[in-house]
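# Pasting a predicted model and its sequence here:
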Amino acid sequence: MSRRVLIAIGIVFMIALGGYLPAVSVAAPAKPITITWWINPWRIAPPGFPADKAPTAEDFPKWASDEFMRLNPGVTVKYEVVTNTGFDQKIAAAILAGNPPDVLRPIGFKREWAKQGLLEPIDDYFTAEDKQDFYQYAMDVGRVNGRYYLFPWNNSNNGMGSTFLINPAIFKECGVSIPPLPERGWTVDEFMQIAQKLTFDRDGDGKTDVYALSFPAKELLVMMGWMHVFGARLFNADQTEVVLNSPEGVRALQFIVDAIYKYNVAPEGAAGMGIYDSINMFHQGKTAMGYGGPYEIGRIDRYVKEGQLKEAFPVHITQYPHLPEIGPIAYHTSGGFVVFRQRDAEKKKVVMDFARFLTSKDNMALLKSLLYVTARKSVNKGLYKGSTFEKEIDVYTRALDYGIPYFGTDITTDPIDKHLQAMFEAALGRTKTPKQALDDFAREANKILFKK
Amino acid sequence: MLTSAQAGVAPGRVRIRRVRVGEAIAIAIVAALAIMSLMPLYWMVVTAIKQPTLVMKMPPEWFPRQLSLANFRDLFARRLLGRWTLNSAIVATSVTVAQLFVASLAGYAFAKKEFVGRNVLFWLYVGSMMIPGQVTLIPRYILMAKFRFINTYWGLILPSIAAPFGVFLMKQFMQTLPGEIIDAGKIDGASEFGIYTRLVLPLSKPALAVLGIFTFVSEWNDFLWPLVITNSSEMRTLQVGLAMLQEEVPMAFGLLMAGATYAAIPITIVFLAFQRYFLTGLTVGALKG
């Protein structure tokens, strides 16, 4: 082969390579750029993660940072996994000192940040395809005064406040049939009849060994789910008043108190119970039903891998029970990433690219390892097809179609969370009647939020 | 009512018996309280050495039949555990040493030196103890950010050095030291710093021990400030690292108890090393004259 032919082949090869390279990387920035991003613990398995191991909270952010740096030479990405405890204090201190991270996954979108001009609006960074692809309610979580500030990522949460988990083995043991597919819905009356059958003394010592379910008073999403079952709402329609103490609210709370103390289908001590107590009871077979969605099925698998549970057990997802006149309910929410104000135009572009990278179709699909559903319709479509969880995911996403934002859309309810929890604790501990507890809460909450 | 003489019993013996009965009751009460206090500690250690799958067993095993180090193996397999421990040791030791130095100097000045505005300054300083830590968190952070001390050992150590409680404790103790000793030192030609190092400090050992233990324990256990001031996994302290572990595996109680047991070891060592001074030091300022 002559030298000229070799040179020609070389040139063709270089041109071909040159045409390919831009598809996987972008031009290096004119100056070195460092991006910082913070996320709370998400145990997502990055691509290639061993199937027999449980990922840690560091694995995904480390992979995402490394991958973006690989694709973008000249850019340094520094991540930090921030514990849920102290998360808000840390970010508040960083904002006030003028050095928040460039990208953050907040625990609950903070509308005040957008109102105070701390966040970059991201409308221009949503493509037409994005707007079609993201669920509208997921985008609306981050909408303030008509502009968007949140790149949606996870759709809904771990299922708390949206769906139930049931242990089919206990249902079978009690001769109770599972609500039928595709929705696995049930009315409140049907639910209570079933709950009574699922509460029983297995060893005949006169003590209840298995309860139908538990009521964790400290878990607001689960408890607010129950309130919504009966039509109660935290705010009135124009979100100017707390109205949880409506007759519907009193009826809902009375139902829960009766379930514990009158029908005895749930253990006493609910006032001091948190979500992990409830999860533990379900895992130990002390309750036939638990709370949560697909993520909680994944938790069982993770605990087995970590040696915390002896063996996995099959679990099905059902809707919360519903009143025929109201219909099914679930909790609507979405999480995502915000970008803090950028001074440098070149860096801003890279930061936005990074936020888009995190919420791209491929990377969003990594949420599958947590059995989460995503904020993109196109990703969800085939994500669980053919998997063992397909039916459960289908029940869950159908439940989400009935979603309601339990905590309003334009108000930050953080200041009243403790009062809401205290209300549930007082009612479930029977230190107040449901009406007293709700009236006291509404009075206090209206004072705090609306100066009424 | 029968007197002891009428009952045919010597008065001394009745008193001895009463004292013994009283002592026995007191010992029983104290023992019960001690057991109650030790119970969480016992449970922590026992849970840490149980088989992971037996941790949640109902009813719980108070005296586990099968012991296992699996939880500790899992704990020590964590990549950065050693680094977090080192960070905690550096921070807690540095703050303790620096605070002992600063507080003893300031305490000496407030106790034994006459200067204009001494009392006003002292009460202003001590009054700052009333301000909750959460309120000063953000100003402290902003200050550290201005010094570019975020995510550094300086940021972890500096803000804790000049703690008013230490100054208050040392001042109260040093007030009880006789002035004649200091005067004798002056007559012998000792410098101010010589009096402080050769006379005042050796006499203040009990107070220094108390302050040292309190400071070390509080710095070792501190969570919020190290979380706020550090930005990388490598700079975290043990408590922040263990909190992360708790959130990652919230129901791995065996592993979490192994972490808690591990974190409690240095505190226990420090306390045992200085306990002989501790009881003396606890009465600091309680006696006058």
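All right, it came through fine.
# Please name every helix or strand in contact with the particular helix or strand that has B:Gly22 in it.
Assigned by DSSP states H and E, B:Gly22 falls within helix B:11-48. Judged by 3 or more CB pairs under 8 Å, 6 or more residues apart in numbering or on different chains; DSSP states H and E, the packing partners of helix B:11-48 are helix B:253-282. The C-beta positions use only the backbone N, C-alpha and C, and glycine is treated the same way.
# thinking again about what came up before, so for the helix holding B:Gly22, what gets flagged as buried?
For helix B:11-48, burial by neighbour count (16 or more other CB atoms under 10 Å in any protein chain shown) applies to B:Met44, B:Val46, B:Thr47, B:Ala48.
# likewise stretch B:231-248?
B:231, B:233, B:235-248.
# Identify all contacting residues around stretch A:299-309.
A:43, A:52-54, A:279, A:283, A:292, A:310-313, A:315, B:52-53, B:55-56, B:70, B:74, B:249, B:251-252, B:254-255 (CB atoms under 8 Å, 6 or more residues apart in numbering or on different chains).
# Mind giving me the PyMOL command for buried ones among these?
Per 16+ other CB under 10 Å, the buried members of these correspond to this PyMOL selection:
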select buried, (chain A and resi 43+54+279+283+292+315) or (chain B and resi 52+53+55+56+70+74+249+251+252+254+255)
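# Any residues of chain A in contact with chain B? List them.
A:36, A:40-41, A:43, A:56-58, A:78, A:80-86, A:89-90, A:92-94, A:96-99, A:276, A:279-280, A:283-284, A:286, A:303, A:306-310 (CB under 8 Å from any CB of the partner chain).
# pLDDT wise, what is the residue nearest in space to the middle of chain A at?
Among the residues of chain A, the one closest to the centroid is A:Asn157, at 1.5 Å (CA atoms, centre = their mean). pLDDT, A:Asn157: 81.
# Start and end of stretch B:149-158, how far apart?
When the termini of stretch B:149-158 are compared using CA to CA, to the nearest Å, they are 9 Å apart.
# Name the surrounding residues that touch that stretch.
By CB under 8 Å, 6+ apart, stretch B:149-158 touches A:99, B:87, B:90-91, B:94-95, B:98, B:141, B:144, B:147, B:225-226, B:229-232, B:235, B:237.
# So which of these belong to helices?
When those are checked against helices (DSSP state H), the matches are B:Asn87, B:Ile90, B:Val91, B:Ser94, B:Val95, B:Ala98, B:Tyr141, B:Met144, B:Trp225, B:Pro226, B:Ile229.
# can you redo these as TSV with distance to chain A and neighbour count?
As requested, these are arranged in TSV below (distance: CB to the nearest CB, whole Å; neighbours: other CB atoms under 10 Å in any protein chain shown):
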residue	distance to chain A	neighbour count
B:Asn87	15	22
B:Ile90	20	14
B:Val91	17	22
B:Ser94	22	18
B:Val95	19	23
B:Ala98	23	16
B:Tyr141	4	25
B:Met144	8	23
B:Trp225	10	24
B:Pro226	10	24
B:Ile229	8	25
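# secondary structure class for the residue nearest the centre of chain B?
Geometric centre of chain B, nearest residue: B:Phe214, 2.8 Å, by CA atoms, centre = their mean. Using DSSP: H, G, I helix; E, B strand; the rest coil, the structure places B:Phe214 in helix.
# go on, A:Lys78?
Quick answer, by three-state DSSP: A:Lys78 is strand.
# For A:Asn264, which residues are in contact?
Counting by CB under 8 Å, 6+ apart, A:Asn264 touches A:Thr199, A:Thr208.
# Let me see the confidence value for the closest residue to chain B within the stretch 351-452 of chain A.
Residue of the stretch 351-452 of chain A nearest chain B, by CB to the nearest CB: A:Leu370 (12.5 Å). For A:Leu370, the pLDDT comes out at 88.
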